[in-house]
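>>> Just to be clear, the model below is a prediction. Sequence and coordinates:
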Amino acid sequence: AQKVTQAQTEISVVEKEDVTLDCVYETRDTTYYLFWYKQPPSGELVFLIRRNSFDEQNEISGRYSWNFQKSTSSFNFTITASQVVDSAVYFCALGAYSGAGSYQLTFGKGTKLSVIP
Amino acid sequence: KAGVTQTPRYLIKTRGQQVTLSCSPISGHRSVSWYQQTPGQGLQFLFEYFSETQRNKGNFPGRFSGRQFSNSRSEMNVSTLELGDSALYLCASSLDRGPSYEQYFGPGTRLTVT
């Protein structure tokens, strides 16, 4: 069974601070994909990044960076110099094949980030 | 390119009624998945449709059903509504099946059951 744990339920930071959102996953599959999505107050989930299990390279996109470590089953997300517009709920998700070749995304419970001006 | 659209955006129903939600995927996307989001349970997978066939189903009762049309548009139906069905229902589309294709989400339908 797949499982994603986001231990931080809510985080508050002051604008321009750096913040890291933690994600720990469990899967027996050797091939899997990890995702981060952002859900602003409007409700629509916005795709941020996808990584596959064979690519442990860290990635940076502007103020966003992701640290994938298979040894600790973690896929953490860091926002540098946070801005008020970063306020949202962030979801980590695991995509893998379950029994009988079925594929589905398993989401963590989400971390609500509030950036205070 | 237009994103995933869902109608209606908001819905209020009474216990025992049934409801149909609609999802139009991004043009060219063939896979549509549905999720239920509640404060208590978070985001839970309902089902996935591809080529008009249900390919995968989450752990939900038979009151939850869906279908996909030849143009990839999808509908989900919930019969005999219960108070616990109040949730945000999200539809996501992807180019094809499988984890190597990212899912793009619509704005959701907020269903309230009274």
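Arrived safely, thanks for sending. Residues are numbered from 1 along each chain as shown, chains lettered A, B, ... in the order given.

>>> how about the nearest residue to residue B:52 once chain neighbours are set aside, what does it touch?
Nearest non-adjacent residue to residue B:52, counting by C-beta to C-beta, 6 or more residues apart in numbering or on different chains: residue B:68, 4.9 Å away. C-beta here means a position set from N, CA and C on the backbone, and glycine is covered the same way. Taking C-beta atoms under 8 Å, 6 or more residues apart in numbering or on different chains, we find residue B:68 in contact with B:32, B:49-54, B:74.

>>> and if you look at residue B:47?
B:33-34, B:54, B:56-58, B:60, B:64, B:66, B:76.

>>> Specify the beta-bridge partners of it.
Beta-bridge partners for residue B:47, by DSSP bridges, are residue B:34, residue B:57.

>>> so what's it scoring on pLDDT?
Listed pLDDT for residue B:47 reads 92.

>>> re earlier: just among the contacts of residue B:47, which is most surrounded?
Within the contacts of residue B:47, neighbour counts (other C-beta atoms under 10 Å in any protein chain shown) peak at residue B:33, which reaches 28 neighbours.

>>> and the contacts of residue B:68 as JSON lines, adding distance to residue A:54?
JSON lines is the format used below for the contacts of residue B:68 (distance: C-beta to C-beta, whole Å):
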{"residue": "B:32", "distance to residue A:54": "28"}
{"residue": "B:49", "distance to residue A:54": "29"}
{"residue": "B:50", "distance to residue A:54": "25"}
{"residue": "B:51", "distance to residue A:54": "28"}
{"residue": "B:52", "distance to residue A:54": "33"}
{"residue": "B:53", "distance to residue A:54": "30"}
{"residue": "B:54", "distance to residue A:54": "30"}
{"residue": "B:74", "distance to residue A:54": "32"}
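
>>> Any residues of chain B in contact with chain A? List them.
Residues of chain B lying close to chain A (C-beta under 8 Å from any C-beta of the partner chain) are B:33, B:35, B:42-45, B:48, B:55-56, B:58, B:88, B:90, B:92, B:97-100, B:102-108, B:110.
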